[in-house]
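Peer 1: show me how the following folds:
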Amino acid sequence: MSGPGGVVRPQPEIRQETEFFWTSGRDGRLRFQACTACRALIHPPQPVCRHCRGRETEVGEVSGFATLIGFTVNHRFPFPGLPSPFVVAQVVIEEDPRVRLTTNIVGCAPEDLRIGMRMEAVFEQAGEAWLPLFRPCAEQPRPAPLPEDTPVTPYLRPASPGPRFEDRAVISGAGASRIGRRLMVPPLELTVEACEKAVVDAGLTLDDIDGLSTYPGAGAYGGFAEGGVTALESALGIRPVWHNGAGETSGPGGSVIAAMLAVAGGLARHVLCFRTVWEATHGELVRQGRVRMPQPAGPDGWFKPFGAVSPAIMLAMNTLRHMHRYGTTRETLGWIALNQRANAARHPDAIYRDPLTMDDYLSARTITTPFGLYDCDVPCDASVAVVVSAAETAPDLARPPVRVEAVGTQIIERLEWDQSTLTHEPQVLGQSAHLWTRTDLRPADVDLALLYDGFTFNCLSWIEALGFCGIGEARDFLDGGKNIAPDGVLPLNPHGGQLSHGRTHGMGLLHEAVLQLRGEAEARQVAGARTAVVSSGGLTPSGVLLLRRDA
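Peer 2: Residues are numbered from 1 along each chain as shown. Predicted structure coming up:
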């Protein structure tokens, strides 16, 4: 499949353990690694079977038949060799429906595709690789139902004697830098600005800080990091006795949970946690040719050869499946976008504050079906920081601290985006269920919700996962937007969220929660707010925190 001018799509990275898969199509056959003990197909290839943990495997041929379980028509994200718009799809393999492939559909117009269609593999050569594409079978049986997801069964650990680690830590300060589109300032400058504000807010000095924690840390993250702990320590000379920086943690809020563990264990007394994004400026510098776009490694290699180059594309397929199974509509998602915009109008720093109507939302340009422009958050430049302190320091702090009632971090689903949950944002169900095992509070006790909204559907997924309505009931819960309004049963993202305030990657939600619980949110203050749930993460390992005002 070639694009304009005969441009051929890039080939996937071929490694020793994946060579059999990417080259098997040379003879028109589809092959997978299989466990010799339980006969499960193993994809992506692993040295052990995740189902029975057997270590004896072999490569075997399958029929090439599959069932279409999701698709999206991408309009926004260009990809060499695939003229836009093009279809990215997911199929389950007939011999083992637990195995899914991200792929492209050929031989069928997008408007003729239906979930449950029977498909067959065909292959296209891309360099040394043979990419498995799929087309509808000539004879179509009755559409197959969607497979069921893995049951959510949170791990219940017996309570340990003595105080919980959540009781030994407080959030003592919060600060945020400037926020804007293409500020064209170095990201570390924003980091320092937010961190200094958070420390002052806590009534501390930089010399009091003995821990640093950040997400995702230094690395090839482009506009999503500023250099991590190393860069901030080099700038400020803090000399921490404990530090943490990692992308494989419980989302952006994972840096806060790690800091809580550090102060609870006596490794530090005051940990400065920070998150910086400079995506808007970075994108402009890439366009100008002044910096290069980083090339991430890892599981992306299984879906990016098919043009799935954005989280929007992957999450759009989960959204379509939720619509297919539960009757969710675009209007359902629209109420989230409208709520966030109305709330942002009361925040002087929000990037988008102009009124938004349902007609505006529905008529906006398509990004990747079913997402339109206003389903997607706002790239920006900003930094957010909080200070996590040992609970015994609370009497000496400048402001009443915010307590952490409970955290939820359990991973239940597979981490690979295209192998995870079918009908929700990946990595929300297990974390949400885990949260409620660590507290006697229930969803009805929550006064406001600060829920990750990289896309409208992220927010919907958290609402259902956390139990504010039943699984599949968001359509009725969100209808009209009254339930999530500032005076509703679940005030949602009162600062405008990432959809209108700006993509601060989860930490902006925590910052707003702190202000709300301290009664300092000014015109957007939710009356009587004493408890708040804050989620972070989007498609990645995530976490959720339940916060409360100091008694």
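Peer 1: which parts of the stretch 1-150 of the chain are strands?
Peer 2: With DSSP state E, counting those that start in this stretch, the ranges of strands along the stretch 1-150 of the chain come out as 30-35, 41-42, 57-62, 65-74, 86-93, 96-104, 118-126, 129-136.
Peer 1: mind listing the strands for the stretch 151-300 of the chain?
Peer 2: Remark: strands assigned in the stretch 151-300 of the chain by DSSP E, counting those that start in this stretch are 169-176, 211-214, 242-245, 270-278.
Peer 1: let me fix that: the stretch 301-450 of the chain
Peer 2: Per DSSP E, counting those that start in this stretch, the stretch 301-450 of the chain carries strands over the ranges 366-368, 371-372, 381-390, 402-408, 448-450.
Peer 1: output those as a markdown table; include the columns mean neighbour count and mean pLDDT.
Peer 2: Where you see a C-beta, it was placed from the backbone N, CA and C, and this is true even at glycine. Below are these laid out as a markdown table (neighbours: other Cβ atoms under 10 Å; pLDDT from 0 to 100):
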| stretch | mean neighbour count | mean pLDDT |
| --- | --- | --- |
| strand 366-368 | 21 | 98 |
| strand 371-372 | 24 | 98 |
| strand 381-390 | 29 | 97 |
| strand 402-408 | 23 | 97 |
| strand 448-450 | 26 | 98 |
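Peer 1: which one of the ones you listed lies nearest to H322?
Peer 2: With Cβ to Cβ, the closest approach to H322 among the strands of the stretch 301-450 of the chain belongs to strand 371-372: 12.6 Å.
Peer 1: which elements pack onto that closest one?
Peer 2: Under the contact definition 3 or more Cβ pairs under 8 Å, 6 or more residues apart in numbering; DSSP states H and E, strand 371-372 sits against helix 311-326.
Peer 1: how does it look with 6 Å?
Peer 2: On a contact count with 3 or more Cβ pairs under 6 Å, 6 or more residues apart in numbering; DSSP states H and E, strand 371-372 meets no helix or strand.
Peer 1: mind listing what it pairs with, with the direction of each?
Peer 2: Next to strand 371-372 in the sheet, as set by DSSP bridges, lie strand 366-368 (antiparallel).
Peer 1: so what touches the strand it pairs with?
Peer 2: Applying Cβ atoms under 6 Å, 6 or more residues apart in numbering, the contact partners of strand 366-368 are T72, N74, H75, R76, A312, I313, A316, G372, C376.
Peer 1: what do you get for stretch 136-156?
Peer 2: 67, 97, 108, 114, 116-120, 325, 410, 412, 421-422, 429, 433-434, 437.
Peer 1: repeat that with 8 Å
Peer 2: Residues outside stretch 136-156 that contact it (Cβ atoms under 8 Å, 6 or more residues apart in numbering): 65, 67-69, 92, 97-98, 105, 107-108, 112-120, 321, 324-325, 410, 412-413, 421-423, 429-430, 433-434, 436-437.
Peer 1: endpoint to endpoint, it covers what distance?
Peer 2: 45 Å (Cα to Cα, to the nearest Å).
Peer 1: give the buried residues for it.
Peer 2: Buried residues in stretch 136-156, counted by 16 or more other Cβ atoms under 10 Å: P136, A144, L146, D149, V152, P154.
Peer 1: pLDDT wise, what is the fifth one at?
Peer 2: Listed pLDDT for V152 reads 82.
Peer 1: could you do the third one as well?
Peer 2: What the model reports for L146 is a pLDDT of 95.
Peer 1: same deal with P294?
Peer 2: Looking at P294, the pLDDT reads 62.
Peer 1: likewise the one 3 residues further on?
Peer 2: Reading off the confidence values, A297 has pLDDT 48.
Peer 1: nearest to N483, of the strands of the stretch 151-300 of the chain?
Peer 2: The minimum distance between N483 and the strands of the stretch 151-300 of the chain falls on strand 169-176, with 27.3 Å, by Cβ to Cβ.
Peer 1: which helices and strands sit right next to that closest one?
Peer 2: Counting contacts by 3+ Cβ pairs under 8 Å, 6+ apart, strand 169-176 is packed against helix 187-201, helix 254-264, strand 381-390, strand 402-408, helix 507-517.
Peer 1: reformat those as a markdown table; add distance to L546.
Peer 2: Formatted as a markdown table, the helices and strands packed on strand 169-176 follow (distance: least, Cβ to Cβ, whole Å):
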| stretch | distance to L546 |
| --- | --- |
| helix 187-201 | 21 |
| helix 254-264 | 12 |
| strand 381-390 | 15 |
| strand 402-408 | 4 |
| helix 507-517 | 10 |
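Peer 1: for A449, which of these is the nearest?
Peer 2: Checking those against A449 by Cβ to Cβ gives helix 507-517 as the closest, at 9.1 Å.
Peer 1: partners of the very next helix or strand once past the closest one in the sheet?
Peer 2: Later in the chain than helix 507-517, the nearest helix or strand by DSSP states H and E is strand 531-536. Partners of strand 531-536 in the sheet, by DSSP bridges, are strand 448-450 (parallel), strand 543-549 (antiparallel).
Peer 1: looking at those, which is closest to V263?
Peer 2: strand 543-549 (14.9 Å).
Peer 1: okay, the angle between the closest one and helix 254-264?
Peer 2: 60 degrees (axes from the mean of the first three to the mean of the last three Cα atoms, to 10 degrees).
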